[in-house]
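> Only the shape, not the letters, is given here:
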């Protein structure tokens with residue numbers, strides 16, 4: 001049951017803001033048996049008129065949402081981003097009234113449309129037609145409203161052929177289309193959209209984006225997504241969450257930059273904390289076998305640097321990057337090959353080697369080799385990349401090891417693995 005002192009809906013009032021979330025917190029228990037026991041204890045106290053304590057945590061409890069505050073007006077779209085388990089969906093469920101906050105207050109003015117889970121509000125054994133009326137009723141629409149908008153809903157969902165089939169026979173994408181269609185046609189004052197849109201096909205997601213832009217003129221929207229492109233395109237401001245807390249709330253571009261920076265730091269920390277043996281095993285699995293034939297090669301050195309010669313681990317898209325290397329071969333070689341493959345997410349994205357580029361390296365008695373590989377325009381899209389340095393004599397690897405990892409950023413919207421340097425020209429429009 002929702003405590004009316006904790007969550008209020010003021011129907012018929014139109015003044016801004018549409019929603020006010022004031023220092024809201026919600027705690028959960030990580031132990032199922034203990035959680036059930038706490039529930040019985042709290043319910044018994046409520047029935048007896050004894051006030052339960054919400055400020056302190058009991059054993060195995062944690063704050064899933066911790067002291068969150070924000071306001072939202074009509075015409076604004078708030079994005080919620082953060083790692084899995086950061087509290088985004090829990091906050092959305094509190095706003096939707098699915099569960100009450102333990103602390104704080106949520107005030108909503110008007111009707112709420114929520115698309116929080118695939119098939120939420122649908123009865124699997126009822127037809128799509130029956131579920132339109134059921135779902136619309138749950139969301140606060142009258143039967144006459146549903147009737148007047150029924151055909152629009154079905155047309156938008158694009159399931160007219162299957163509307164009289166049981167929802168249990170629908171794919172997840174079909175259920176999402178139907179749920180979204182009902183939600184956006186109820187003319188909500190506040191629209192809540194969770195990550196469920198990720199299961200839709202490309203054309204329908206484009207259609208949803210257009211509809212969101214359409215309804216934002218008369219509604220406030222809260223959008224939870226891991227798709228940074230959607231956040232940048234649709235949201236006027238964005239909140240970053242971590243372990244239930246708000247770590248950033250502001251303009252969307254600044255919020256995304258903050259989130260990506262924090263994510264990269266965490267990834268780097270995780271990488272640095274790996275044990276050496278595990279690291280070698282993982283590197284070999286992802287990037288191929290490693291070699292270091294110390295009887296034939298020594299004094300190997302390699303690093304990525306920027307224009308100023310400073311070692312880099314993070315660099316903007318489109319920058320110039322240089323790999324400096326040196327080594328000593330312990331015997332004369334007639335045709336030495338130096339290669340540098342680059343991997344992203346375990347797959348080889350690109351590779352360069354002297355043999356393909358028609359460069360012949362003859363190493364004399366001294367054996368010392370020093371050089372560099374220059375990339376004038378780093379076209380890879382944002383992400384984490386690993387490069388490997390290899391030295392080959394004929395078909396034998398003398399040396400093959402990871403140069404290091406570098407992170408590419410500063411490109412808000414990107415498709416595929418690379419964004420080539422390009423220039424649009426229009427002679428006439």
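That came in fine, so what should we check first? Remember, predicted model here, so these are calculated numbers, not experimental data.
> can you map out the helices along the chain?
For the chain, helices defined by DSSP state H occupy the ranges 32-47, 88-96, 128-138, 143-157, 172-184, 202-215, 228-234, 252-272, 276-287.
> Take those and lay them out in JSON lines including mean neighbour count and distance to residue 418.
Backbone N, C-alpha and C define where each C-beta goes, glycine included. Formatted as JSON lines, the helices of the chain follow (neighbours: other CB atoms under 10 Å; distance: least, CB to CB, whole Å):
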{"stretch": "helix 32-47", "mean neighbour count": "12", "distance to residue 418": "47"}
{"stretch": "helix 88-96", "mean neighbour count": "22", "distance to residue 418": "31"}
{"stretch": "helix 128-138", "mean neighbour count": "19", "distance to residue 418": "42"}
{"stretch": "helix 143-157", "mean neighbour count": "15", "distance to residue 418": "36"}
{"stretch": "helix 172-184", "mean neighbour count": "23", "distance to residue 418": "29"}
{"stretch": "helix 202-215", "mean neighbour count": "15", "distance to residue 418": "20"}
{"stretch": "helix 228-234", "mean neighbour count": "18", "distance to residue 418": "16"}
{"stretch": "helix 252-272", "mean neighbour count": "15", "distance to residue 418": "18"}
{"stretch": "helix 276-287", "mean neighbour count": "12", "distance to residue 418": "19"}
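> quick one, which of the ones you listed is nearest to residue 23?
Evaluated with CB to CB, the helices of the chain place helix 88-96 nearest to residue 23, the distance being 12.2 Å.
> Show residues contacting the closest one.
7, 19, 21, 24, 26, 28, 64-65, 68, 80-82, 99-101, 106, 108, 112, 114, 116, 190, 192, 194-195, 222, 224, 241, 244 (CB atoms under 8 Å, 6 or more residues apart in numbering).
> among those residues, which ones are buried?
7, 19, 21, 24, 26, 28, 64-65, 68, 80-82, 100-101, 106, 108, 112, 114, 116, 190, 192, 194-195, 222, 224, 241, 244 (16 or more other CB atoms under 10 Å).
> among those, which are in strands?
Per DSSP state E, strands hold the following members of the buried ones among the contacts of helix 88-96: 7, 19, 21, 24, 26, 28, 64-65, 68, 80-81, 106, 108, 112, 114, 190, 192, 222, 224, 241.
> Give me the residue ranges of the stretch 301-429 of the chain where confidence is low.
The model of the stretch 301-429 of the chain has pLDDT under 70 over residues 346, 395.
> Let's see the pLDDT reported for the closest residue to residue 167 other than its chain neighbours.
Leaving aside its chain neighbours, residue 167 sits nearest to residue 122 (4.9 Å; criterion: CB to CB, 6 or more residues apart in numbering). Listed pLDDT for residue 122 reads 79.
> Nothing else from me, thank you.
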